[in-house]
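Task: produce atomic coordinates for the following.
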Amino acid sequence: MSNLSEGARRAIILRLHDERVNKVLPRGAQTQVANDFGVDPSTVSYLWGRHLEVLADDVLDDDWGNRMPGNVGRKPRDRSELVELIRAVPVEERQTEPSLEAATGISRRLLSSLKSNGVLQRHTSRIKPTLTPQNKMHRMQFALSRVNDDTMEFDPLMDVVHVDEKWFNEDKDRRSYLLLDGETVPSIQYKKIISGIENLILAIKDTFDSVDIETIDNIFVTLAKVMECILKEKATTLTSFLTWARRS
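Purely as a prediction, here's the structure:
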């Protein structure tokens, strides 16, 4: 049977209905309809027989519909074993596909297939929530309040105090996870490690001091290491280091 569209199937059945005489198809009607639609007579016979079965069962359905979808082609593979392997991996180890591949042994191609099929879904967790529409509106209102109506220029804000603190974030503000259906996104309540420059230098300096000099001898060091050495020899705090640097 040729793979006809649903519109063609419906047209054939309606045409056969028109050909009936006293609710009976005359001899040769199916062959004539098949010739008119350019299909094999067996196709018309099959459609008509299926239509009569539906009428006999009193089923109000589109009996001319194609039954191929879902019944042909390669059947989907059972991914339950892969799902259980992934579920056994802690969520913290599922931030990237390479890390999940290393933890489960599942190839990256299969992981991508699971993502395409919706079995795996990527979700993002942030320490700070994204701006709400109300937050954005308040920011826009603040910016517009600094516009001079006469000159249409922004206020230079010379009478406004700006507080700016530089931080070295040793932890991520945002994490992305590969989660299965039904798993909740891990929430990050606070930043566990946020250090100022003074604390960071002090921590590195203490670590540097604890290392045996023979261990680091003849090893290439970075600018940060050089600064640590200067701090060690010429200053004890960041303020005194800056004072020494200006005099040098």
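
Quick check: Phe142 vs Asn135, distance?
To Asn135, Phe142 is 11 Å away according to C-beta to C-beta, to the nearest Å. (Each C-beta comes from the backbone N, C-alpha and C, glycine too.)

same question, Leu47
62 Å.

Counting neighbours, go ahead and name the busier of the two.
Leu47 (23 against 11; other C-beta atoms under 10 Å).

Now the helix or strand containing the more buried one: average pLDDT?
In the assignment (DSSP states H and E), Leu47 maps to helix 41-56. When pLDDT is averaged along helix 41-56, the result is 80.

in terms of contact count, name the helices or strands touching that helix.
Where contact means 3 or more C-beta pairs under 8 Å, 6 or more residues apart in numbering; DSSP states H and E, helix 41-56 is packed against helix 6-19, helix 29-37.

Can you give me the buried ones in it?
Buried residues in helix 41-56, defined by neighbour count with 16 or more other C-beta atoms under 10 Å: 43-44, 47-48, 50-51.

Would you mind measuring from Leu178 to Phe154?
The gap separating Leu178 from Phe154 is 44 Å, by C-beta to C-beta.

With Ile13 instead?
Taking C-beta to C-beta, one finds Ile13 at 73 Å from Phe154.

Which one of the two is surrounded by more residues?
Using other C-beta under 10 Å as the criterion, Ile13 and Phe154 rank with Ile13 on top: 18 against 11.

I figured the more buried one was touching Leu47, is that so?
Yes. With contact defined as C-beta atoms under 8 Å, Ile13 reaches Leu47; the gap is 6.0 Å.
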